[in-house]
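# just need the structure, nothing else, for what follows:
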Amino acid sequence: MTYYPEGKCRLLNRRFEALSEAREAMRRGDILEGRVILCDGEHNLHIDLGAVRGIIPRCEGAVGIEEGEQKDIALISRVNKSVCFKITEIAENDVGRPTAFLSRKAVQEECIKNYLDKLKIGDVIDASVTHLDPFGAFIDVGAGINALIPIDMLCVSRINHPRERLTEGQKIHTVLKNREAGKLTFSLKELLGTWEENAALFSQGETVTGVVRSIESYGIFVELMPNLAGLAELQDGISVGQEVSVYIKAIIPEKMKVKLVIVERFDLEAEPTPLNCFTDEKHIDIWRYSPSASPKQISTVFG
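Residues are numbered from 1 along each chain as shown. As a prediction, this is how the structure comes out:
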């Protein structure tokens, strides 16, 4: 069984033309998705299933809601978004209108037991970005279950906020970095290439576009790729987050240095640089960022 981030698999979305179809989906135990059209005053989620009205009672809205481990904002914020669920019961109200009672919690419990609990440190999975905070990016790792990528694990280049790297709703690959007391922490930077893999995309003498990531007393760091930055000489009128064109003066692998000259600056703040995943491996044991000839070695050991 595959447990997708919510809203990322159209095959799960379903509107029933007849009540019998809903009853058959309940019998099979199908995992479905639907858009939340209303969160009522008791924080039950309402979903239009076509031939039948669907309700996810508050207590079935998410793992941890009843225990107080999740706040009700986790339900309120789902309005106009897709959620996963199973049909647990179909009943008729006083006027004979059928209502399907649904459980998102049941799908999440399955996802934890059959998928997330079986992940090993170093496993690479698909996820979806749900929310960006100054300290990191929250991601849906399956069935609406959130985990965190801390800001320092998003890339090698220095950034001030995750929005400089990711956008909400973005689909990404990520690698499990740590598991502690049921809390999963993921990383992204190990999938974005080594220094050599990134540097191989550029040549001395080229003029390319970059993003100013920091300004120090000794120079300006310009990001060429999420895992590759170069150093340019100080110039007036340059600000962090600004897009610039730079001339590549030198690439020095043994020192992990790219020397740059800023040619022109642009007024608009740069958009997040598109991510380039350099591996299709499903598991990583160790990742070495530095070239072998470099005296400074940067690596990540999983497990």
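
# how near is the closest residue to residue 129 other than its chain neighbours to residue 38?
With CB to CB, 6 or more residues apart in numbering as the measure, residue 170 is the residue that lies nearest to residue 129, at 4.5 Å, once sequence neighbours are left out. Heads up, the C-betas are built off the backbone N, CA and C, glycines and all. Going from residue 170 to residue 38 by CB to CB, to the nearest Å gives 27 Å.

# between these two, point out the one with more neighbours.
Taking neighbours as other CB atoms under 10 Å, residue 170 and residue 38 compare with residue 170 leading, 16 against 12.

# using PDB, write out every CA atom in stretch 92-107.
Extracted C-alpha coordinates of stretch 92-107, given in PDB (Å, rounded to 0.1, in the frame of the first residue of the first chain):
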ATOM      1  CA  GLU A  92     -29.800   7.900   6.900                       C
ATOM      2  CA  ASN A  93     -31.000  10.900   8.800                       C
ATOM      3  CA  ASP A  94     -34.600  11.700   9.900                       C
ATOM      4  CA  VAL A  95     -35.600  12.600   6.300                       C
ATOM      5  CA  GLY A  96     -34.000   9.700   4.700                       C
ATOM      6  CA  ARG A  97     -30.900  11.500   3.400                       C
ATOM      7  CA  PRO A  98     -27.800   9.200   3.400                       C
ATOM      8  CA  THR A  99     -24.700  10.400   5.200                       C
ATOM      9  CA  ALA A 100     -21.300   8.700   5.000                       C
ATOM     10  CA  PHE A 101     -19.300   8.900   8.100                       C
ATOM     11  CA  LEU A 102     -15.600   9.100   7.300                       C
ATOM     12  CA  SER A 103     -12.300   8.700   9.200                       C
ATOM     13  CA  ARG A 104      -9.100  10.500   8.300                       C
ATOM     14  CA  LYS A 105      -7.600   9.200  11.500                       C
ATOM     15  CA  ALA A 106      -7.900   5.600  10.400                       C
ATOM     16  CA  VAL A 107      -5.900   6.200   7.300                       C
END
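
# buried set for that stretch?
The neighbour-count check on stretch 92-107 (16 or more other CB atoms under 10 Å) flags 99-107 as buried.

# out of these, which are inside helices?
If you go by DSSP state H, the buried residues of stretch 92-107 have 104-107 in helices.

# would you turn these into TSV with distance to residue 4 and pLDDT?
Shown next, in TSV, are these (distance: CB to CB, whole Å; pLDDT from 0 to 100):
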residue	distance to residue 4	pLDDT
104	14	97
105	17	97
106	16	97
107	10	97
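
# could those go into JSON lines alongside distance to residue 282?
Shown next, in JSON lines, are these (distance: CB to CB, whole Å):
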{"residue": "104", "distance to residue 282": "27"}
{"residue": "105", "distance to residue 282": "29"}
{"residue": "106", "distance to residue 282": "27"}
{"residue": "107", "distance to residue 282": "23"}
